[in-house]
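**Q** take this sequence and fold it.
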Amino acid sequence: MKKNWRLNPKITPDLQNQFPEINPIVLQLLDEMGINTQEKIDEFWNPDYGQDLHNPFLFLDMEKAVKRIFKAIKKEEKILIWGDYDADGVTSSAVLYSTLKKLGAQVEVYLPDRELEGCGLNIEGLKKLKNKKIKLIITVDCGISNAEEAELVKKLGIDLIITDHHSQPLKLPKAYAIINPKLEKEKYPFRELAGVGVAFKLAQALLKESKIDIEKGFEKWLLDLVALGTVADCEPLLGENRTLVKYGLVVLNKTRRLGLQELIKISNLNNLLDSEHISFQLGPRLNAASRMDHANTAFELLTTESEKEAREIAKKLNQINQQRQLMIGKIMQEAKEQIKGEKDKKIIIVESPKKWFWPVGIIGLVAGRLQDELYKPVIVITKIDKKGLQGSSRSVPEFNIVKALQECGRHLLRYGGHPEASGFSLEENKLSEFKEEINKIAERELKNLELFSWLKINAKLDLGDINWDLQEELEKFEPFGESNKKPKFLSVNLQITGLEKLGKNEQHLKLSVIQSSFNSKKFIGFGLGKTIGSKLKIGDMVDIVFELGVNEWNGNKELQMKIIEIDITNIK
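**A** Now for the predicted structure:
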């Protein structure tokens, strides 16, 4: 779906006069993120690991949690890390596992099966621990929505420390300690940590209070995992997250983890790694483990000390990621068939057909793609057993899906997540009532609202403005990601002077264009060869929205203008 274009307004003359030394385009990008004082600019452009990270003991329950963990280590009690199955949960588990092992703890990790158990603590999984003599459970990237399960943990005589970053539910679990920046009572200065960020803060606190000698730099060597989990979970790359990811990318580029070394190789990543490589290459391969196999595979990759095992696991993850891609294509076709004639509804709900059940690990990705195409809240539901259903939802900023699920809570077995992405489970006989109620909520909340998918364009550029000086200034904004998106620029009144289709199946598009008296520039459109490329011809006048970057090939570097959208219509 082509989006509506919205060009952001230019900065005020007053702001430009305040910072005459900064390129107006760069200053505009900073101002759009609220970075408009010298102090904020310095902090954003120069993240400092020693100064910008908050003291982990600012968490209200951190001291209590640390003391309990050291007590367990001293008394040689068995500790269980209960993680989530996605990339954030797996990296969180690896961060805490590595730290506790280094401190001499007796520790093991439990990652639930995505399809059979779902996320967070679960009753059946906890019952398996009865004879394992576990004395302390520490959750990572989960647990905040597990009030009922926390009661069972207590009955089993096990202490529970919850570390999580998901939104606070109506009923908090009773635990020995809860470390979650999104708790209403929490005073920690930064609320947007990923699950791995919270696990890292606990690791930081433990290392700070440790009485044994730890190798210098151990804490920073954990940052490759922090960067992976934070970017893969689409957390805002501002504030403390920006510092963690910026330093984490440095560590990732020289990672000592054999599994990551092999995953990077098999992903054919030969250049300097950045956040996009995590988002589109490494993160999906780690997530493929739980979607198509089991999260243990990804955890083993991150913690193995065997070169042979690292190669084998990386190869396996690469293969199942390819299977995942094929599966998504098939399910998307079936889902689109279902929603024909339903696109006027405020919320789209699709269900797996009776002939086969869509894999639980895939439905969230399908929901995301449908939401992106339709710009509406989307729920995708599949069957997990004879009576049980599981759902995954993706929403728009105008509709808080977690709040909607709370209202439908009496129909659900469990639910949790974020305002724009969440999951839930329910019994099949409750489905009709659930659908009826959530449709009513969507009708109420979105009444009289016309939803548009806007493509935000940061600035208009003439071809003459595109140069290496601008690119070098844009590189100061890295790492790009959530809340610090790669800037999108618009060039208008471009005449096509050259048109070439690239790739084995001519799936990519390369355009040469001129603008007034400016020299010709080349633009590349990945995946556009058979779509927009088939509608263009030499001599056409077009407007192009693009991202500026660098193409490195055979040791050569050149500026690359990647086409996002191309049109001849006016900006709205």
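
**Q** what's the local residue count around the closest residue to residue 218 other than its chain neighbours?
**A** In this structure, residue 218 finds its nearest non-sequential neighbour in residue 102, 6.4 Å apart by C-beta to C-beta, 6 or more residues apart in numbering. Placement of C-beta: from N, CA and C, glycine included. Using other C-beta atoms under 10 Å, the number of residues around residue 102 comes to 17.

**Q** ok, residue 102 to residue 527 distance?
**A** To residue 527, residue 102 is 45 Å away according to C-beta to C-beta, to the nearest Å.

**Q** same question for residue 122.
**A** To residue 527, residue 122 is 40 Å away according to C-beta to C-beta.

**Q** neighbour-wise, which of these two wins?
**A** residue 122 (20 against 13).

**Q** check which helices and strands the host helix or strand of residue 79 sits against.
**A** Using DSSP states H and E, residue 79 maps to strand 78-82. Judged by 3 or more C-beta pairs under 8 Å, 6 or more residues apart in numbering; DSSP states H and E, strand 78-82 is in contact with helix 62-74, helix 87-102, strand 106-110, strand 134-140.

**Q** gap between that strand and the chain center?
**A** 26 Å (C-alpha atoms, centre = their mean, to the nearest Å).

**Q** quick check: mean pLDDT across it?
**A** Average pLDDT, strand 78-82: 98.

**Q** one more: stretch 134-150?
**A** Confidence over stretch 134-150 (mean pLDDT, whole number) is 97.

**Q** gap between the two ends of that stretch?
**A** Across stretch 134-150, the terminal residues are separated by 14 Å (C-alpha to C-alpha, to the nearest Å).

**Q** can I assume residue 365 is in contact with residue 328?
**A** Yes. Under the criterion of C-beta atoms under 8 Å, residue 365 makes contact with residue 328 at 5.7 Å.

**Q** elements contacting the longest helix along the chain?
**A** Counting by DSSP state H, the longest helix found in the chain is helix 307-338. Judged by 3+ C-beta pairs under 8 Å, 6+ apart, helix 307-338 is in contact with helix 258-266, helix 283-292, helix 295-303, strand 348-351, helix 360-374.

**Q** off-centre distance for it?
**A** Counting by C-alpha atoms, centre = their mean, helix 307-338 comes out at 18 Å from the chain centroid.

**Q** buried stuff in it?
**A** 310-311, 313-314, 316-318, 320-321, 324, 327-328, 331-332, 335 (16 or more other C-beta atoms under 10 Å).

**Q** swap in stretch 267-281?
**A** Buried residues in stretch 267-281 (16+ other C-beta under 10 Å): 267, 273, 274, 275, 277, 278, 279, 281.

**Q** quick one: secondary structure of the fifth one?
**A** Spelled out, it's residue 277. helix (DSSP: H, G, I helix; E, B strand; the rest coil).

**Q** show the contacting residues for it.
**A** By C-beta atoms under 8 Å, 6 or more residues apart in numbering, the contact list for residue 277 reads 267, 269.

**Q** that one and residue 236, how far apart?
**A** Residue 277 sits 19 Å away from residue 236, going by C-beta to C-beta.

**Q** now the second one
**A** Summarising the geometry, the distance separating residue 273 from residue 236, computed by C-beta to C-beta, is 20 Å.

**Q** same deal with residue 421?
**A** The gap separating residue 421 from residue 236 is 14 Å, by C-beta to C-beta.

**Q** hmm, back to that, quick check: angle from the longest helix of the chain to helix 295-303?
**A** Helix 307-338 and helix 295-303 are oriented at 140 degrees to each other (axes from the mean of the first three to the mean of the last three C-alpha atoms, to 10 degrees).

**Q** surely residue 176 and residue 159 touch.
**A** Yes. The pair formed by residue 176 and residue 159 meets the contact definition of C-beta under 8 Å, at 4.4 Å.

**Q** now the common contact residues for these two.
**A** Common contact partners of residue 176 and residue 159 (C-beta under 8 Å, 6+ apart): residue 68.

**Q** number of residues surrounding residue 551?
**A** 14.

**Q** show the contacting residues for it.
**A** 524, 557, 558, 559, 560.

**Q** three-state assignment of it?
**A** Here residue 551 is strand, with the state taken from three-state DSSP.

**Q** list the contacts of the strand holding residue 79.
**A** Applying C-beta under 8 Å, 6+ apart, the set of residues contacting strand 78-82 is 69, 72-73, 93, 96-97, 100, 105-110, 112, 121, 129, 132-140, 142-143.

**Q** which of these are buried, as a ChimeraX select command?
**A** Buried residues among those (16+ other C-beta under 10 Å), as a ChimeraX selection:
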select :69,72,73,93,96,97,100,105,106,107,109,110,112,121,129,134,135,136,137,138,139,140,142,143
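
**Q** any weak-confidence spans in the protein?
**A** 1-2, 568-572 (pLDDT under 70).

**Q** domains in it, as residue ranges please.
**A** 52-316, 339-445, 456-567 (automatic domain parsing).

**Q** pick the most deeply packed of the ones you listed.
**A** Among the domains of the chain, ranked by average contacts under mean count of other C-beta atoms under 10 Å, first place goes to domain 52-316 (a mean of 21).

**Q** strands - which of the contacts of residue 551 land there?
**A** With strands taken from DSSP state E, the overlap with the contacts of residue 551 comprises 524, 557, 558, 559, 560.

**Q** identify, from these, the entry nearest to residue 391.
**A** Residue 391 has its nearest neighbour among these in residue 524, at 38.4 Å by C-beta to C-beta.

**Q** my read: the closest one touches residue 512, true?
**A** No. Counting by C-beta under 8 Å, residue 524 does not reach residue 512; the two are 10.8 Å apart.

**Q** show me what contacts the closest residue to residue 483 other than its chain neighbours?
**A** Excluding the flanking residues, the one nearest residue 483 by C-beta to C-beta, 6+ apart is residue 236, at 3.6 Å. Counting by C-beta under 8 Å, 6+ apart, residue 236 touches 192, 481, 482, 483, 484.

**Q** can you check residue 26 too?
**A** By C-beta under 8 Å, 6+ apart, the neighbours of residue 26 are 470, 473, 474, 476.

**Q** now secondary structure and distance to residue 229 too, for those residues, in CSV please.
**A** As requested, those are exported to CSV (DSSP: H, G, I helix; E, B strand; the rest coil; distance: C-beta to C-beta, whole Å):
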residue, secondary structure, distance to residue 229
470, helix, 32
473, helix, 29
474, helix, 26
476, helix, 24
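
**Q** brilliant, that's me finished.
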